[in-house]
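Participant: Give the three-dimensional model of this entry:
(one chain, ligands or ions: 2)
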Amino acid sequence: MGNSTSGNLLDVNNIEVVYNDIIQVLRGVSLSVTEGKIVALLGTNGAGKTTTLRAISGLLKPENGLIRDGHISFKNTDITNKLGTHVVKLGAVMVPEGRRVFKHLTVDENIRVGSITRKDGSKNIRSDHDRMYEYFPRLKEIKHRLAGYCSGGEQQMIAIGRALMADPEMLMLDEPSLGLAPLLVREIFDNIRLINREMDTTILVVEQNAKIALEISDYAYIMESGKIVLEGSSNELQDNPDVKEFYMGITQGGGRKSFKEVKSYKRRKRWM
Ligand SMILES: Nc1ncnc2c1ncn2[C@@H]1O[C@H](COP(=O)(O)OP(=O)(O)O)[C@@H](O)[C@H]1O
Ligand SMILES: [Mg+2]
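Facilitator: Ligands and ions are numbered 1, 2, ... in the order given. Next up, the predicted model:
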């Protein structure tokens, strides 16, 4: 069953996820990621986005979570409820929410740590290492600084750089824009696109910031209350009036809805 030959890099098929044996969070989530693309998973706080990434990355267990039904395959290999280390070895690496860095290591040491599981030789590792500093020149300037003293934006770049040093086929990013100033968000997303184009890294990005995520992605899913409620090409979704209204805060007149208006409208949303 798990070994479907869909041609997709990742297939999440109708998964149900529970925490602590009782709290059901995902209720039949399906999504696919085609090789070479950038796919966005959008939704407001508590929708189940992080849980979906944990399910794919094999990181539910430490949270006492379990895929109770459905299955996930990566490169046509079943990874349902597999360990995180197994999934990383297969080539899917996640950058968790909250820019986790090793605070007592330098920027450069943090980035180097990402390559320890690689077996393709020091030459490739060195050239990828150089490439990280081309993508994030800001990091090169501060390579000897302790990561704990870096700004939020710099720490996000370190976390992405470190993940890339594992040479993943698919990079999963959990809310890279969270808590960052707009200019930095732009810089990070421009880099994500560059990495996708130049390193051929397939990307699955989770975001609450639908606007920027739709700008750089090829395809997107919108999630609410543990279900996918809408999907389509990112161009298509950018023009969808519901998406504009709920997630981008733009009304037909071009104005911005007040929080209260959006909220009341949300209760009678059309796609549920
Ligand atoms: N470790 C956990 N144990 C129990 N419930 C959890 C756990 N992590 C998340 N949840 C619950 O699952 C739901 C979805 O959370 P999450 O996947 O973090 O959503 P999102 O990333 O979209 O904000 C929330 O109701 C949250 O409280
Ligand atoms: Mg989350």
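Participant: what does the protein put close to ligand 2?
Facilitator: 49, 50 (CB under 5 Å from the ion). All C-beta atoms are positioned from the backbone trio N, CA, C, and that covers glycine.
Participant: and the closest residue to ligand 2 within the chain, what helix or strand is that in?
Facilitator: In the chain, the residue that lies nearest ligand 2 is residue 50 (3.2 Å; CB to the ion). Per DSSP states H and E, residue 50 falls inside helix 49-57.
Participant: I'd like the average pLDDT over that helix.
Facilitator: Throughout helix 49-57, pLDDT has a mean value of 98.
Participant: Which residue comes closest to residue 221 once chain neighbours are left out?
Facilitator: residue 231 (4.6 Å; CB to CB, 6 or more residues apart in numbering).
Participant: that older thread, wait, doesn't the residue of the chain closest to ligand 2 sit right on residue 95?
Facilitator: No - at 11.8 Å, residue 50 does not count as touching residue 95 under the criterion of CB atoms under 8 Å.
Participant: Which one's more surrounded, those two?
Facilitator: residue 95 (25 against 20; other CB atoms under 10 Å).
Participant: which ones are touching that one?
Facilitator: If a contact means CB atoms under 8 Å, 6 or more residues apart in numbering, then residue 95 has 159, 160, 163, 171, 172, 173, 174, 176 as its contacts.
Participant: Including neighbour count, could those residues go into TSV?
Facilitator: As requested, the contacts of residue 95 are arranged in TSV below (neighbours: other CB atoms under 10 Å):
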residue	neighbour count
159	24
160	25
163	21
171	24
172	26
173	27
174	23
176	26
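Participant: Closest one to ligand 1 out of the residues you listed, please.
Facilitator: Among the contacts of residue 95, residue 174 lies closest to ligand 1 (CB to the nearest ligand atom), at 7.3 Å.
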